[in-house]
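Q: Structure of the sequence below:
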Amino acid sequence: NTSRGMTLLEHRLDLDPAWRLTLEGNYISDQTFVAAYDPELARTRREFASSINQANLSDNAAFNMQLRGTFNDFQSNEFALQSQGYTVNKAPELRYQRVADDLLSDTPGLLTWTRDYGVALLQYQFNKSTASQIGFNTAALSQRAFGLNPNQTFAQRLTAEGLTDASVVRADTRQQLSMNLQEGPVKITPFVVARATYYDDKSATLADENNDERTRLWGSTGVKLDTSMQRVYSDAQSDFLDVNGLRHIINPSITAWSAGSNRNSKTLPIYAPDVDALSVGNYIALQLAQTLQTKRGRARTQTTNPDAPASTGHIADFLKLNATAVFTSADKDTKAPIGRYYAARPELSNLRDFASIDAAMLLTDALTLTATNIYDLDSRQNAPTTTGVQVAHSRDFSTYAELRYLNALDSTVVALGLDGRLTPTYLLRLETSFDTDQSELQDINTRIDREFAEATFSVKIGYNQITDEYSASVLITPLGRTRRAEQMRRIGRD
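A: Predicted coordinates for the structure are as follows:
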């Protein structure tokens with residue numbers, strides 16, 4: 001018998017209003033422990049790593065110092081296994097940022113300067129697990145999931161691709177100038193961005209014989225036009241939906257963007273996607289954001305009896321509907337099969353021709369419906385599709401159901417769950433998921449929380465139908481001052 005387990009430690013200390021110290025440490029016994037005993041943690045948690053981070057936040061500036069690494073030579077996060085296959089050690093990383101400094105003091109907001117400076121000593125820590133060690137013991141499974149044979153390690157594949165675990169100093173700066181212009185109801189925002197990134201080790205840049213540059217120069221320019229309009233429908237009334245008037249807010253926008261670089265991102269090491277994996281190409285993005293707002297909680301007698309006392313109620317977003325369409329040039333830099341667009345930082349987008357729609361309807365204060373779909377115009381197929389419903393039966397009890405479809409894996413999963421407060425100090429959470437393609441239950445997890453004044457004590461029990469494994473875990477979460485005060489106020493009300 002072998003002892004198995006994991007240790008997770010997190011601590012945050014506010015040294016003063018501006019300085020914050022964050023400590024994190026973890027150790028996991030083996031490659032499959034997290035996936036077997038807490039699959040939800042493997043799917044959703046941020047990267048397992050140990051770090052010391054000190055940050056200073058003041059007005060529109062931020063300074064960050066970080067030491068980061070891991071005590072394990074394998075990975076337990078599903079997203080890391082399915083993508084990069086390595087962890088990045090930072091020893092250390094320093095970063096300073098300033099956002100939207102005014103360059104013209106007599107016309108604030110007209111011309112702003114945003115900048116980012118960073119320097120770090122970086123090193124890859126490759127995953128030394130073989131595919132068979134994490135359960136992919138047939139060639140069909142391991143090749144489909146990771147592009148590996150069962151007896152191959154992630155480290156062997158990455159080394160064969162030209163990556164090295166040598167330490168590299170990377171210095172980076174990003175500079176952006178933006179203007180805020182107005183032409184009637186239309187806001188016009190032209191912007192230009194320049195970025196320079198230097199790697200001190202040529203071997204770490206995957207340079208070929210025709211390109212020995214250690215410095216990546218990247219630049220982009222673009223313009224965004226957007227406006228806002230609204231209309232009020234005072235006669236829209238519904239007792240059943242608790243609708244007392246509607247306000248329709250429409251925000252259309254169009255963005256044109258172009259970027260280029262002296263280096264193909266595929267010849268650069270990806271220590272951090274927001275620094276190393278920048279998109280190049282051209283695109284036009286069309287967006288239409290719509291919101292329907294209504295007033296809820298108003299006494300109905302106010303409508304039928306004008307002399308009744310006024311009741312202001314509250315404003316609720318009855319419906320939010322966001323649509324996006326992105327059209328790219330033939331020389332686009334595509335990173336993944338699902339298109340993504342980030343308006344604030346276009347260089348982080350995954351450039352594909354696609355259209356997406358996100359909808360959320362607060363049908364009543366107790367019933368919420370959601371739907372998301374991305375349609376890939378290149379393949380003419382839906383990429384991911386998600387629909388869901390959440391019902392708040394009371395302040396202390398809610399249930400949800402969600403359907404998720406991912407075209408790349410031809411996978412459809414239905415998830416169900418509930419959250420309930422059993423007593424003023426005990427909470428229950430139940431979650432399960434069902435694979436409709438395999439017609440079998442994937443997993444079921446139950447968690448019970450006991451709230452104390454200083455901490456929350458949790459017990460979690462789960463069963464994985466696919467691996468036929470049971471799991472149990474115990475978690476103690478100390479409460480910070482703010483959360484503890486809120487909890488004490490709530491307990492007092494109950």
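Q: Partner strands of the helix or strand that contains Gln176, with direction?
A: Per DSSP states H and E, Gln176 falls inside strand 168-179. Partners of strand 168-179 in the sheet, by DSSP bridges, are strand 111-126 (antiparallel), strand 186-199 (antiparallel).
Q: show me what contacts Asp172?
A: 116-119, 195-198, 275 (CB atoms under 8 Å, 6 or more residues apart in numbering). Glycine gets a C-beta too; all of them are placed from N, C-alpha and C.
Q: State whether Ala336 is indeed within a strand.
A: No: counting by DSSP: H, G, I helix; E, B strand; the rest coil, Ala336 falls outside a strand, being coil.
Q: What's the per-residue pLDDT of it here?
A: According to the prediction, Ala336 has pLDDT 78.
Q: now the one 3 residues further on
A: In the prediction, the pLDDT value recorded for Gly339 is 88.
Q: just checking, it touches Asp353?
A: Yes: contact status for Gly339 versus Asp353: in contact at 7.3 Å, counting by CB atoms under 8 Å.
Q: can you list the weak-confidence ranges in the stretch 201-350 of the chain?
A: For the stretch 201-350 of the chain, the stretches with pLDDT under 70 are 202-212, 298-312.
Q: Strands of that one, residue ranges please.
A: For the stretch 201-350 of the chain, applying DSSP state E, counting those that start in this stretch gives strands covering 215-226, 229-238, 243-261, 281-296, 314-328.
Q: if we can go back for a sec, of Gly339 and Asp353, give the one with the bigger neighbour count.
A: Shown here are Gly339 and Asp353; by other CB atoms under 10 Å, Gly339 has more neighbours (24 against 19).
Q: Next up, the contacts around that one.
A: Contact partners of Gly339, counting by CB under 8 Å, 6+ apart, are 326, 349-354, 356, 374, 376, 383.
Q: Now do Ala42: how many residues are near it, please.
A: 21.
Q: Same check on Ile254?
A: 13.
Q: picking up where we left off before, would you mind giving the strands of the stretch 201-350 of the chain as TSV with distance to Asn72 added?
A: Formatted as TSV, the strands of the stretch 201-350 of the chain follow (distance: least, CB to CB, whole Å):
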stretch	distance to Asn72
strand 215-226	31
strand 229-238	53
strand 243-261	34
strand 281-296	37
strand 314-328	38
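Q: right, so of these, which gets closest to Asn407?
A: Distance to Asn407, taken as CB to CB, is lowest for strand 314-328 among these, at 17.7 Å.
Q: Hmm, Ala120 is touching Lys90, no?
A: Yes: contact criterion CB under 8 Å: Ala120 and Lys90 qualify, at 5.4 Å.
Q: out of these two, which sits in the more crowded spot?
A: Ala120 (23 against 20).
Q: Between Gly339 and Asp353, which contacts overlap?
A: Counting by CB under 8 Å, 6+ apart, the residues touching both Gly339 and Asp353 are 326, 376.
Q: still on that earlier bit, so which of the contacts of Gly339 is the closest to Arg157?
A: Asn350 (22.3 Å).
Q: measure the residue nearest to that closest one when sequence neighbours are not counted to Ser349 for me?
A: Closest residue to Asn350 in three dimensions, ignoring its sequence neighbours and counting by CB to CB, 6 or more residues apart in numbering: Arg340, at 4.4 Å. Per CB to CB, to the nearest Å, Arg340 is found 6 Å from Ser349.
Q: ok, the two, which is more surrounded?
A: Using other CB under 10 Å, the more surrounded residue of Arg340 and Ser349 is Ser349, with 23 against 18.
Q: Surely that one and Lys335 touch.
A: No: using CB under 8 Å, Ser349 is not in contact with Lys335, being 9.1 Å away.
Q: Can you work out which residues contact both of those two?
A: With CB under 8 Å, 6+ apart as the test, Ser349 and Lys335 both reach Ser279.
Q: hang on, the earlier thing: now, which of the contacts of Gly339 sits nearest Gln152?
A: Closest to Gln152, out of all of these and judged by CB to CB, is Asn350, at 27.3 Å.
Q: so what's the closest one up against?
A: Asn350 neighbours (CB under 8 Å, 6+ apart): 279, 334-336, 338-340.
Q: Please list the outside residues in contact with the helix or strand just after the strand holding Gln176.
A: Heading C-terminal from strand 168-179, the first helix or strand you meet, by DSSP H and E, is strand 181-183. Contact with strand 181-183 is made by 110, 187-190, as judged by CB under 8 Å, 6+ apart.
Q: How far away from the center of its chain is strand 181-183?
A: Here strand 181-183 is found 33 Å from its chain centre; the criterion is CA atoms, centre = their mean, to the nearest Å.
Q: Direction included, what does it pair up with?
A: Partners of strand 181-183 in its sheet, by DSSP bridges: strand 186-199 (antiparallel).
Q: what is the mean pLDDT for the strand it pairs with?
A: 96.
Q: again with stretch 121-131
A: 91.
Q: Pull up the distance across it, start to finish.
A: 30 Å (CA to CA, to the nearest Å).
Q: ditto for stretch 125-132
A: End to end - CA to CA - stretch 125-132 spans 20 Å.
Q: can you check stretch 372-389 too?
A: 12 Å.
Q: Would you check the distance separating it from the middle of the chain?
A: Taking mean C-alpha positions (CA atoms, centre = their mean), stretch 372-389 and its chain are 18 Å apart.
Q: just to revisit the earlier point, mark which of the contacts of Asp172 are buried, thanks.
A: 116, 118, 195, 197-198, 275 (16 or more other CB atoms under 10 Å).
Q: And the furthest pair within those?
A: That would be Asp116 and Tyr198, which, of the buried ones among the contacts of Asp172, are the farthest apart (CB to CB) at 14.5 Å.
Q: Show me what the helix or strand encompassing Leu141 is packed up against.
A: Following DSSP H and E, one finds Leu141 within helix 139-146. Where contact means 3 or more CB pairs under 8 Å, 6 or more residues apart in numbering; DSSP states H and E, helix 139-146 is packed against helix 78-82.
Q: got the angle for the next helix or strand after the helix it packs on vs strand 168-179?
A: Where DSSP H and E defines the elements, the next helix or strand beyond helix 78-82 is strand 86-102. Going by axes from the mean of the first three to the mean of the last three CA atoms, to 10 degrees, strand 86-102 is angled at 30 degrees with respect to strand 168-179.
Q: Okay, now the sheet partners of strand 86-102, with direction.
A: strand 61-69 (antiparallel), strand 111-126 (antiparallel).
Q: for the first one, the distance to its chain's centre please.
A: The offset between the C-alpha centroid of strand 61-69 and the centroid of the whole chain comes to 20 Å, using CA atoms, centre = their mean.
Q: What of the last one?
A: Relative to its chain's centre, strand 111-126 lies at 19 Å (CA atoms, centre = their mean).
Q: before we move on, what about stretch 357-375?
A: In terms of CA atoms, centre = their mean, the centre of stretch 357-375 is set 19 Å apart from its chain centre.
Q: Stretch 114-128 too?
A: With CA atoms, centre = their mean as the basis, stretch 114-128 stands 20 Å off its chain's centre.
Q: Not counting its neighbours along the chain, what's nearest Leu158?
A: Closest residue to Leu158 apart from its sequence neighbours, by CB to CB, 6+ apart: Phe126 at 5.5 Å.
Q: hang on, isn't that neighbour packed against Ala155?
A: Yes: using CB under 8 Å, Phe126 is in contact with Ala155, at 3.6 Å.
Q: The spatially closest residue to Leu23 that is not a sequence neighbour sits in which helix or strand?
A: Distances taken as CB to CB, 6+ apart place His11 nearest to Leu23, at 4.5 Å, with adjacent residues excluded. His11 belongs to strand 6-14 when assigned by DSSP H and E.
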